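S.K.: 3D, please:
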Amino acid sequence: MSSAEEDIPHLEAHSSEEWQRIVSALYRVHRLMGAITDLGTLLSRIAEESRRVAHAEASSVMLFDAETNELYFRVALGESGEQEALKRSVRLKLGQGIAGTTAQTRSSIVVQNAQDDPRFFPGADTVIQFRTRSLLAVPMIDRDTLVGVLEVVNKIGEDAFSGLDLRVMEIFSSLAATAVTNARLIEERIQNERLAMVGQAVTTLSHHTKNIVTGLTSSAELIDMGLQGGNLEVLKRGWPVFKRSTKRISNFVQDMLSFSKARAPHREACDVCSVVREAQETFAELFVRKHVELRVDTSGVRGPAWLDPEAMDRALLNLLINAAEAAPEGAGRISLKARTSDEGVLEIDVSDNGPGVPEDCRDRIFEPFFSTKGSQGTGLGLAVTRKIAREHGGDVTVLQGPEGGALFRMALPARKPVEKDTLEI
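M.R.: This is a model prediction of the structure:
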């Protein structure tokens, strides 16, 4: 059979209205390329514009699967939902049917009477109970790589597709090919980034878990030795390590649970001083063991704050742990100051006299699994703290502390939230 150039006449004379309609369609497709990032939506819109401009009953986009050397329907417009779903199950080998021949030869094909064309593959029509009369198929090629085939089927009101239909479809196929290639590159990059993040997360969490388990195992062995020999001194040495390890793994699990899902705060009127005191008491042993001085000042707090006490305890613990690990052992100083502003904002500052946060790390310090502590940290604590603050409608920022270390400031709305559906009489 002859090629598209031989099957149809060259560009015929067309009215200015028809040219305007085609130019408008091209303009819309170009705008879609930048406005729509979802590949399926973009290809559907390109197929729809192709059908409208070519005055066709149906249109479709078939993509090329390089692994199987087959074409498969990605978009099929003009059929019912059930027909489209059935059509998506059809796959064509290179050289099979008009679309397969178009892909194999990488040249456009116009068929005026599909039923009499030996290249026509009736299988798709049989599946969806559709009758193809005329057909225009153009290859989708990007940088010499076959991407797929764009088709329009059954010219409305005329016997054959025109030379202008062919030219417009070739432009649309080029745009569709570029869209598919770009989308695949983006998907590949996202997949690689996700895999890298998963690998980093697994490595970090596994290493941290291993450190905790090592502490548990060692202390358990000491406790076992003390019990078997009736040696109280050995028991006393092993028990504090065991307690610290169980506390560490408990905090680790709580951080993972807090970070893994969105959680609306269960607000209630909280005594901020009590919340701070409980967090202080929880890690009193850590501060004593590291010889770290903790100074607490809640004199600037006015009245209760409407917060989730459990979430706030988690956030404060993470800030205190972070400060204690940063402070120099034997000469560490941590300051916790809480105050209520005139605007009804609760501000809690936790600062230390450690090395501080490097300027180039401040934008990343709240990212999950990012840690400046090497194997000593999971990179979850500060991420969880910011998540909790933002769930309360506030935030956490990092500044330089008064003693040169880091200062983490958590700002939260303290006033009772206004019930939107409640009317005051």
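S.K.: Just the buried residues of the helix or strand encompassing E49, please?
M.R.: Here E49, judged by DSSP states H and E, is contained in helix 39-53. Residues of helix 39-53 classed as buried by neighbour count (16 or more other Cβ atoms under 10 Å): L39, L42, L43, S44, R45, I46, A47, E48, E49, S50, R51, V53. Where C-beta positions appear, they are placed from N, C-alpha and C, glycine not excepted.
S.K.: Put together JSON lines for the residues you listed, with distance to A311 and pLDDT on each row.
M.R.: Supplementary listing: the buried residues of helix 39-53 in JSON lines, determined by distance: Cβ to Cβ, whole Å; pLDDT from 0 to 100:
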{"residue": "L39", "distance to A311": "39", "pLDDT": "77"}
{"residue": "L42", "distance to A311": "41", "pLDDT": "78"}
{"residue": "L43", "distance to A311": "44", "pLDDT": "82"}
{"residue": "S44", "distance to A311": "43", "pLDDT": "85"}
{"residue": "R45", "distance to A311": "44", "pLDDT": "83"}
{"residue": "I46", "distance to A311": "47", "pLDDT": "82"}
{"residue": "A47", "distance to A311": "49", "pLDDT": "85"}
{"residue": "E48", "distance to A311": "48", "pLDDT": "86"}
{"residue": "E49", "distance to A311": "50", "pLDDT": "82"}
{"residue": "S50", "distance to A311": "53", "pLDDT": "83"}
{"residue": "R51", "distance to A311": "53", "pLDDT": "86"}
{"residue": "V53", "distance to A311": "56", "pLDDT": "81"}
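S.K.: S335 falls within a strand, correct?
M.R.: Yes. Read with DSSP: H, G, I helix; E, B strand; the rest coil, S335 is one of the residues of a strand.
S.K.: And it, how far from V292?
M.R.: Using Cβ to Cβ, to the nearest Å, one gets 11 Å for the distance from S335 to V292.
S.K.: now the helices for this structure?
M.R.: Residue ranges of the helices in the chain, as given by DSSP state H, are 4-7, 16-35, 39-53, 81-87, 97-105, 123-128, 163-229, 232-260, 272-282, 284-289, 309-326, 381-391.
S.K.: elements contacting the helix holding E49?
M.R.: Judged by 3 or more Cβ pairs under 8 Å, 6 or more residues apart in numbering; DSSP states H and E, the packing partners of helix 39-53 are helix 16-35, strand 56-65, strand 70-77, strand 145-155, helix 163-229.
S.K.: Distance-wise, check T102 relative to K387.
M.R.: T102 sits at a distance of 52 Å from K387 (criterion: Cβ to Cβ).
S.K.: Among these two, which residue is more densely surrounded?
M.R.: More neighbours surround T102 than the other of T102 and K387, with 30 against 22 (other Cβ atoms under 10 Å).
S.K.: quick one, what contacts the more buried one?
M.R.: Counting by Cβ atoms under 8 Å, 6 or more residues apart in numbering, T102 touches S108, I109, A137, V138, P139, V149.
S.K.: Sort out for me which of those residues are in strands.
M.R.: Secondary structure defined by DSSP state E assigns I109, A137, V138, P139, V149 of those to strands.
S.K.: helices and strands of this structure: which one bottoms out on pLDDT?
M.R.: Using mean pLDDT, DSSP states H and E, helix 4-7 stands out as the lowest-scoring helix or strand of the chain, at a mean of 47.
S.K.: what's the domain layout of this protein?
M.R.: 4-188, 200-260, 268-413 (automatic domain parsing).
S.K.: If I average pLDDT within each of the helices of the chain, which one is lowest?
M.R.: Of all these, mean pLDDT reaches its minimum on helix 4-7 (a mean of 47).
S.K.: Which residue, neighbours along the chain excluded, lies closest to L382?
M.R.: Counting by Cβ to Cβ, 6 or more residues apart in numbering, L382 lies nearest to F366, which is 5.2 Å off, once chain neighbours are set aside.
S.K.: what residues are up against that neighbour?
M.R.: Contacts of F366 by Cβ under 8 Å, 6+ apart are L382, A383, T385, R386, V396, V398.
S.K.: which one among these gets closest to V253?
M.R.: V253 lies nearest to A383 out of the contacts of F366, by Cβ to Cβ, at 15.1 Å.
S.K.: how about the strands of the stretch 301-425 of the chain, start to end?
M.R.: For the stretch 301-425 of the chain, the strands defined by DSSP state E, counting those that start in this stretch occupy 305-307, 332-340, 345-352, 395-400, 406-413.
S.K.: got the CA positions of stretch 280-294 in CSV?
M.R.: Taking Å, rounded to 0.1, in the frame of the first residue of the first chain, the C-alpha atoms of stretch 280-294 are listed here in CSV:
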residue,chain,number,x,y,z
GLN,A,280,11.9,17.5,82.9
GLU,A,281,11.4,14.7,85.3
THR,A,282,11.3,12.0,82.6
PHE,A,283,14.9,12.7,81.6
ALA,A,284,16.3,13.8,85.0
GLU,A,285,18.5,10.7,85.0
LEU,A,286,19.9,11.6,81.6
PHE,A,287,20.9,15.1,82.8
VAL,A,288,22.4,13.8,86.0
ARG,A,289,24.4,11.1,84.1
LYS,A,290,25.8,13.6,81.6
HIS,A,291,26.3,16.2,84.3
VAL,A,292,24.2,18.6,82.3
GLU,A,293,22.6,21.6,84.1
LEU,A,294,18.9,22.3,83.1
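S.K.: Not counting that stretch itself, show me its contacts.
M.R.: Residues contacting stretch 280-294 (Cβ under 8 Å, 6+ apart): 240, 243-244, 296, 317, 320-321, 324, 327, 329-336.
S.K.: What subset of those is buried?
M.R.: For the contacts of stretch 280-294, a neighbour count by 16+ other Cβ under 10 Å gives the buried set as R244, L317, L320, I321, A324, A327, G332, R333, I334, S335, L336.
S.K.: what would the residues you listed look like in CSV with distance to D65?
M.R.: Shown next, in CSV, are the buried ones among the contacts of stretch 280-294 (distance: Cβ to Cβ, whole Å):
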residue, distance to D65
R244, 56
L317, 52
L320, 55
I321, 51
A324, 56
A327, 58
G332, 61
R333, 64
I334, 60
S335, 62
L336, 60
